[in-house]
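Engineer: Give me the fold of what follows.
(2 chains)
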Amino acid sequence: MSKTNIAILESSSIIVEGLQKIIENSPEFKVTKVFRSYSFTHGIALPSVQILIVNPRLFGEFNLAKQVQDWKNENESLHIFAIVSSYLSAKSTALFDGVIELEEDPSSILSKLRNYSEIKSNSSAESCDLSQREKEVLVLVAKGFTNKEIADQLNISIHTAIAHRKNITSKTNIKSISGLTIYALLNNLISQDEIR
Amino acid sequence: MRFTEKQKLEELLAINPQLILMLPRFDMKLGFGEKRVDEVCRLSNVPISLFLLLCNVYTYDDYEPSEEDIKSINGKWLVKYLIASHDFYLNHRLKHIEKHVEKIANSAEKVGNVLMSFFKKYEDEVAKHFMTEESSLFPHLLKLEEGESSKYKLQDILEMHDNIEDQLSDLTNIIIKYLPPEIMPNERIGVWFDIIQLSKDLIKHAVVEEKILIPYVNWLEGGKK
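Structural biologist: Okay, the predicted model is just below:
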């Protein structure tokens, strides 16, 4: 149900606005951030962004590799596309998940971006139900226990407990504790008098 | 494209129908006929530049206010606008949504109570969130604007500020994805649209604060330099 958020780093307004127009013709995409220059890229690799489209010519070859790596480190699931108007070396091309050329028509650009979104939706479709362990964690969350208490009760590390919670939220799309409590009740994982 | 004061108000609304929400917040009346933006603003004594700035930020995601935009803000009207927005969210939209959630909760035996208390708790949080702004941030702004000193600091106020959108999105998920299918489907679809509309508006409200309110208070705190 959620849209794929796209950020663009490109100095040319013509290209930015053209891209934006093409991308937003497709309801599953939204351009959430536009950066006109390299110096204002704070927040470019935020977790809320899934695709980044970058003009590689804003960087030198060496800086480009380092920069792409930095963004990937900040946000592991970020997919980075290059937008190119001229020849890009094979070495630089290899840094990106895909390359968009200025001459390309809109449907081809969108299908490149969509290829990525399909990977994303397939991976979430495989695992829609909570695992047994996740259900146990969910019940304790709903009962109001902290991460530390949950870890102790289930004999797992606190990191594992936190990882389970993250998975529960990404599967159900419910973030708040009170929302998760309702989810647990609706799925008969706990009864009303068990809630603190 | 950006809006200008010589455009007819109806042209702005044709481009972004959501802007209709601006009018009551500025006490601007309907029935404006063919009038231009500047004419409609003058009728209600609303500062034209602030009205346009808000319409532009509300409509164009990539609109970044200029330094001039920020310096020429009329803080009293900005605060009036924000307080009226709060009132609209809390006393109109949320009350409306509450009535529908209540109907749904009443027929959802097992989770009805919990659903209702989830919603009430959310309302309380939103009220608290707005109250923090109205009792500290806005007075802070108005004092600085008058050249008086203020006991608050923007940074401290912002730290108390928390996110009020997560639970709204949880609520839509619960209502559409997780309540049993037989419970009031039409009511649920109706309220789903209401919540999405509110959450869109709340996101724009946050953008207005981030791009207009906070830079303006920052500028005031820096001694208008």
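
Engineer: Now the residue in chain A that chain B sits nearest to: closest residue in space, sequence neighbours ignored.
Structural biologist: Residue nearest to chain B within chain A (Cβ to the nearest Cβ): residue A:179, separated by 3.2 Å. Backbone N, C-alpha and C define where each C-beta goes, glycine included. For residue A:179, ignoring the flanking residues on the chain, the nearest one in space by Cβ to Cβ, 6 or more residues apart in numbering or on different chains is residue B:170 at 3.2 Å.

Engineer: Show residues contacting the helix or strand harbouring the one you found.
Structural biologist: Assessed by DSSP states H and E, residue B:170 sits inside helix B:166-173. With Cβ atoms under 8 Å, 6 or more residues apart in numbering or on different chains as the test, helix B:166-173 has contacts from A:172-176, A:178-179, B:101, B:118-119, B:122, B:125, B:192, B:195-196, B:198-199, B:202.

Engineer: of these, buried ones?
Structural biologist: Buried members of these, scored by 16 or more other Cβ atoms under 10 Å in any protein chain shown, are A:172-176, A:178-179, B:101, B:118-119, B:122, B:195, B:198-199, B:202.

Engineer: can you count the residues close to the residue in chain B that chain A sits nearest to?
Structural biologist: Of all residues in chain B, residue B:170 sits closest to chain A, at 3.2 Å by Cβ to the nearest Cβ. Using other Cβ atoms under 10 Å in any protein chain shown, residue B:170 has 25 neighbouring residues.

Engineer: ok, the closest residue to residue B:48 other than its chain neighbours - contacts?
Structural biologist: Using Cβ to Cβ, 6+ apart and skipping residues adjacent in sequence, the residue nearest residue B:48 is residue B:41, 4.5 Å away. Contact analysis of residue B:41 by Cβ under 8 Å, 6+ apart lists B:5, B:28, B:47-48, B:51.

Engineer: Quick check: residue A:32 touching residue B:61?
Structural biologist: Yes - Residue A:32 lies in contact with residue B:61 (Cβ atoms under 8 Å); the separation is 7.5 Å.

Engineer: Skip ahead from the worst-scoring helix or strand of chain A on mean pLDDT and say which helix or strand is next.
Structural biologist: Least confident helix or strand, chain A: helix A:106-125 with a mean of 72, by mean pLDDT, DSSP states H and E. With elements assigned by DSSP H and E, the helix or strand that comes after helix A:106-125 is helix A:132-142.

Engineer: Kindly list the main-chain dihedrals of the residue minimising distance to the centre of chain A?
Structural biologist: Closest to where the C-alpha atoms of chain A average out (Cα atoms, centre = their mean) is residue A:50, at 4.0 Å. The phi/psi pair for residue A:50 (degrees, to the nearest 10) reads phi -100, psi -30.

Engineer: Please verify my assumption that it contacts residue A:7.
Structural biologist: No - applying Cβ under 8 Å, one finds residue A:50 not in contact with residue A:7, separated by 9.1 Å.

Engineer: what sits against residue A:81?
Structural biologist: By Cβ under 8 Å, 6+ apart, the contact list for residue A:81 reads A:51-54, A:96-100, A:112-113.

Engineer: next one: residue B:164
Structural biologist: B:122, B:125-126, B:129, B:202.

Engineer: Let's see which of these end up in helices.
Structural biologist: Among these, the residues falling in helices (DSSP state H) are B:122, B:125-126, B:129, B:202.

Engineer: Including pLDDT and distance to chain A, could those residues go into TSV?
Structural biologist: Shown next, in TSV, are the ones in helices among the contacts of residue B:164 (pLDDT from 0 to 100; distance: Cβ to the nearest Cβ, whole Å):
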residue	pLDDT	distance to chain A
B:122	92	8
B:125	90	10
B:126	93	13
B:129	90	14
B:202	91	15
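
Engineer: Using neighbour counts, pick out the buried residues of stretch B:111-123.
Structural biologist: Using 16+ other Cβ under 10 Å as the test for burial, stretch B:111-123 gives B:111-112, B:114-116, B:118-119, B:122-123.

Engineer: Kindly report the same for stretch B:154-164.
Structural biologist: Counting neighbours by 16+ other Cβ under 10 Å, stretch B:154-164 gives B:154, B:157, B:164 as buried.

Engineer: Filter the contacts of residue B:41 down to the buried ones, ChimeraX style.
Structural biologist: Here is the ChimeraX command that selects the buried residues among those (16+ other Cβ under 10 Å):
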select /B:28,47,51
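
Engineer: and the two most separated of the contacts of residue B:41?
Structural biologist: B:5 and B:28 (14.0 Å; Cβ to Cβ).

Engineer: where are the low-confidence patches of chain B?
Structural biologist: Residue ranges of chain B with pLDDT under 70: B:1, B:160-162.

Engineer: Point out the residues in it that sit beside chain A.
Structural biologist: With Cβ under 8 Å from any Cβ of the partner chain as the criterion, chain B meets chain A at residues B:61-62, B:110-111, B:113-115, B:117-118, B:121, B:166-167, B:169-171, B:173-174, B:177-180.

Engineer: which element follows the helix or strand encompassing residue A:150 toward the C-terminus?
Structural biologist: Using DSSP H and E, residue A:150 falls within helix A:147-154. Following helix A:147-154 in sequence order, the next helix or strand is helix A:158-172 (DSSP H and E).

Engineer: Could you list every helix and strand that whichever helix or strand comes after that next one packs against?
Structural biologist: Once the chain leaves helix A:158-172, the next helix or strand it forms, by DSSP H and E, is helix A:177-186. Secondary structure elements in contact with helix A:177-186, counted by 3 or more Cβ pairs under 8 Å, 6 or more residues apart in numbering or on different chains; DSSP states H and E, are helix A:132-142, helix A:158-172, helix B:109-132, helix B:166-173.

Engineer: Let me know the angle separating helix A:177-186 from helix B:166-173.
Structural biologist: Here the directions of helix A:177-186 and helix B:166-173 differ by 20 degrees (axes from the mean of the first three to the mean of the last three Cα atoms, to 10 degrees).
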